[in-house]
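Novice: Compute the structure for the input listed below.
(chains A and B)
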Amino acid sequence: MRTMRIALAAAVMGAVSLAPTQLSPADAVLSGRASTTSGGSIGTTTFVLYPTTTSTGANPNGTALTLSNSNAAQFFFVRNIGAKTLNSFSFSVTFTSTPTFTYKRCALNVLFTNATTCASAPTTPTTIALGTVTLAMAAGSWVEISITPNKTTTPTVSTQVSASNYTTSITNS
Amino acid sequence: MFRSSTGFAVKSVSTMALKTLVVVGAGLGGASLVSSSVFASLTATASNTTGGSVQTGTLSLTQANASAPASGGFTTAITAMAPGDTVNRYVDLTNGGSLNAAGMTLGIAATPSNILTTNGTTGLQVLVDECSIAWSTVTAGVCSGTTTHNLLTTSANTLPTAQTFTPSTLNASATPLHLKISISLPAGSEITVNGVSNAGANTVQGLTTALTWTFTETERTPTTTNS
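Specialist: Sure, this is the predicted structure:
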């Protein structure tokens, strides 16, 4: 009986020791690999636009711009601090009471000298409407906008920009 | 048997010698029987005198930036990608070995891993097309031969697991695969409101990741040949 046990154990050990050498064809197939070893970096741009009280105003980080309670012309700026050139942007204004209002803008990076005049040509401001303002804004540029309500009210200005406000591209490079 | 002078009975010397002789003789006889069975056997051999060479094949896969219509390949960085953009890069894939290959796959590894490669909806998308001839330089990105979709549009977040090419074969010494890899960022619904993305921490803006693109092939199906 003891002899049979020893023989059985030896048989098992022999099978185990031989097993690694019994590779099936599937285990032994060759494979080749080709990988990039450098480059391959992908970076994305930014599209960041906001209303502010000065041409260098800081990012309000989501907070709408609240202007003064007045019936006179008020001015604010919209800054593009993203890396993307924009073709347009959307802006909306809410009021504490409903006025009849007028919106005007000067050219890119041009200040108003008063409610009806821009500092450089074209000196006559361009009338704009709420909603989408079509204006090519390079990265780092700004535009000054005036609001003239016909009665005392507090305007609150918000801006939006998305993929619909810039030109997307298909590049072969 | 006799009694000695000390009174003990002893066997005779001649009897013991006889028994010893019998045992030794039997042993020698047995040994001679065994050994004669080894040394007396006949052996014949037959060997080939020529040929008999066994050579294994090789498998080799290389990728290189295509020269046309653009040479950026995977080694030139893609910068300032915006949602809605597509960048086409061109690489040639060659099986330089002697064995045909099968099981072609493509996988990517991203460092660091971020929304671009972890979000299947707003992250990068990859489409791989093959042109039977080199991609046109006249109209970039156009195939004047036959176009095959090797990999339909696939989210980069699934590509850490290698995806199968279709067709997945590449013959040895065949014309390189002329691949166009279209990398796109979906236009999505991200909006920047008053200077902040509505996507919050999941914004795709201002991100960078380095991708390692890995093509893999395995040898064609092993064969059993009677030849």
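Novice: ok, B:Gly145 touching B:Ile133?
Specialist: Yes. Assessed by CB atoms under 8 Å, B:Gly145 is found in contact with B:Ile133 at 3.9 Å. For the C-beta atoms, the positions are set from N, CA and C on the backbone; glycine is no exception.
Novice: center of chain A, which residue is that?
Specialist: A:Phe47 (3.5 Å; CA atoms, centre = their mean).
Novice: Relative to chain B, how far out is it?
Specialist: 6 Å (CB to the nearest CB, to the nearest Å).
Novice: which residues sit in contact with that residue?
Specialist: Applying CB atoms under 8 Å, 6 or more residues apart in numbering or on different chains, we find A:Phe47 in contact with A:82-84, A:86, A:161-162, A:165-166, B:82, B:192, B:205.
Novice: swap the cut-off to 10 Å and go again
Specialist: By CB atoms under 10 Å, 6 or more residues apart in numbering or on different chains, the contact set of A:Phe47 is A:80-86, A:89, A:139, A:161-163, A:165-166, B:82-83, B:190-192, B:197, B:205-206.
Novice: roughly how far apart are it and A:Ala83?
Specialist: Applying CB to CB, to the nearest Å, the value for A:Phe47 to A:Ala83 is 8 Å.
Novice: now the helices for chain A?
Specialist: Here chain A has its helices, by DSSP state H, at A:2-18.
Novice: Any idea which helix or strand in it has the lowest mean pLDDT?
Specialist: helix A:2-18 (a mean of 52; mean pLDDT, DSSP states H and E).
Novice: So is stretch B:162-181 next to chain A?
Specialist: Yes. Stretch B:162-181 lies within reach of chain A by CB under 10 Å from any CB of the partner chain, at B:170, B:180.
Novice: How about stretch B:187-204?
Specialist: Yes. Using CB under 10 Å from any CB, stretch B:187-204 reaches chain A at B:187-198, B:200, B:203-204.
Novice: burial of residue 109, as a residue count?
Specialist: Using chain A here. 15 (other CB atoms under 10 Å in any protein chain shown).
Novice: if you could check chain B rather than the one you did, that'd help
Specialist: B:Ala109 has 17 nearby residues by other CB under 10 Å.
Novice: that's a helix at it, yeah?
Specialist: No. Assigned with DSSP: H, G, I helix; E, B strand; the rest coil, B:Ala109 falls outside any helix and is strand.
Novice: Just give the nearest non-adjacent residue to B:Pro69, would you?
Specialist: B:Ala140 (4.0 Å; CB to CB, 6 or more residues apart in numbering or on different chains).
Novice: Distance-wise, check that neighbour relative to A:Thr94.
Specialist: 47 Å.
Novice: Kindly report the same for B:Thr153.
Specialist: For B:Thr153 relative to A:Thr94 (CB to CB), the value is 41 Å.
Novice: Just list the residues touching the residue nearest to B:Pro69, thanks.
Specialist: B:Ala140 sits in contact with A:170-173, B:68-70, B:88, B:90, B:180, where contact means CB under 10 Å, 6+ apart.
Novice: same deal with A:Phe112?
Specialist: A:73, A:75, A:104-106, A:118-119, A:123, A:125, A:144-146.
Novice: can you rerun that using 7 Å?
Specialist: Counting by CB atoms under 7 Å, 6 or more residues apart in numbering or on different chains, A:Phe112 touches A:75, A:106, A:118, A:144, A:146.
Novice: and the two most separated of these?
Specialist: Greatest spatial distance in the contacts of A:Phe112: A:Phe75 and A:Cys118, 11.5 Å, computed using CB to CB.
Novice: Comparing those two, which shows the higher neighbour count?
Specialist: More neighbours surround A:Cys118 than the other of A:Phe75 and A:Cys118, with 20 against 16 (other CB under 10 Å).
Novice: Not counting sequence-adjacent ones, nearest residue to that one?
Specialist: A:Cys106 is the one closest to A:Cys118 (CB to CB, 6+ apart), at 3.7 Å.
Novice: Let me know whether the one you found touches A:Thr127 as I believe.
Specialist: No. Between A:Cys106 and A:Thr127 there is no contact under CB atoms under 7 Å: 11.7 Å.
Novice: Can you pick out the residue with more neighbours from these two?
Specialist: Neighbours per residue (other CB under 10 Å) separate A:Cys106 from A:Thr127, with A:Cys106 holding more: 24 against 9.
Novice: any weak-confidence spans in the chain?
Specialist: Because you didn't say which chain, this covers chain A. A:1-28, A:36-39 (pLDDT under 70).
Novice: Not quite, go with chain B.
Specialist: B:1-39.
Novice: As a check, name the ranges of all helices in it.
Specialist: B:13-39, B:115-118.
Novice: if we can go back for a sec, and the contacts of A:Phe47, which are buried?
Specialist: A:80-86, A:89, A:139, A:161-163, A:165-166, B:82-83, B:190-192, B:197, B:205 (16 or more other CB atoms under 10 Å in any protein chain shown).
Novice: Specify the beta-bridge partners of the closest residue to B:Ser189 other than its chain neighbours.
Specialist: Nearest non-adjacent residue to B:Ser189, counting by CB to CB, 6+ apart: A:Ser162, 7.5 Å away. Taking DSSP bridges as the rule, A:Ser162 bridges to B:Ile191.
Novice: A:Ser162 contacts B:Ile191, doesn't it?
Specialist: Yes. The pair A:Ser162 / B:Ile191 is scored as a contact, 4.4 Å apart, by CB under 7 Å.
Novice: I'm done for today, thanks for sticking with me.
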